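Undergrad: coordinates only, sequence not included:
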């Protein structure tokens, strides 16, 4: 089983347009994989999803930072401590509004969101700033 052993490795794989190589990697205290539905990651038209985004980012801000990687379904077996990526859930880049995401993070979090990145496993650039 592959382990998400460094932030650089995950970002490199996504930048190289190799999201399939992320399958089998495990979550840790610094990486969280999020499955994506038809409305995209964090449907920001719903208040509950706005707060979920803020909660997920704040958790990393309260630690030593981390990666929130959307477009991957991760599951946990009863014997495992962390979830493991089992499948890609790709989505269109147009479903991500980074300006809205940053506005929500600014409104909901007391931590600055200036260091946040959204990793997007789709064709074209994979890192939206």
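TA: That came through, no problem. Bear in mind the structure is a predicted one, so any value in this text is a computation, not a measurement.
Undergrad: any regions of this protein where pLDDT drops low?
TA: Applying pLDDT under 70 to the chain flags residues 1-5, 110-129.
Undergrad: centroid-nearest residue for this protein?
TA: The chain has residue 69 as the residue nearest its centroid, 2.1 Å off, counting by CA atoms, centre = their mean.
Undergrad: pretty sure that residue sits in a strand.
TA: Yes - Residue 69: assigned to a strand according to DSSP: H, G, I helix; E, B strand; the rest coil.
Undergrad: now it, which residues is it bridged with?
TA: residue 33, residue 119 (DSSP bridges).
Undergrad: these two touch, right, it and residue 31?
TA: Yes - at 6.4 Å, residue 69 counts as touching residue 31 under the criterion of CB atoms under 8 Å. The C-beta positions use only the backbone N, C-alpha and C, and glycine is treated the same way.
Undergrad: count the residues that sit near residue 43.
TA: Counted with other CB atoms under 10 Å, the neighbours of residue 43 add up to 16.
Undergrad: let me know the secondary structure of it.
TA: Criterion first, three-state DSSP; result for residue 43: coil.
Undergrad: what residues does it make contact with?
TA: 37, 49 (CB atoms under 8 Å, 6 or more residues apart in numbering).
Undergrad: look up how far residue 14 lies from it.
TA: For residue 43, the distance to residue 14 (CB to CB, to the nearest Å) stands at 22 Å.
Undergrad: what does residue 97 give?
TA: 19 Å.
Undergrad: now residue 35
TA: Counting by CB to CB, the gap from residue 35 to residue 14 is 16 Å.
Undergrad: quick one, which of the two is more surrounded?
TA: residue 14 (22 against 17).
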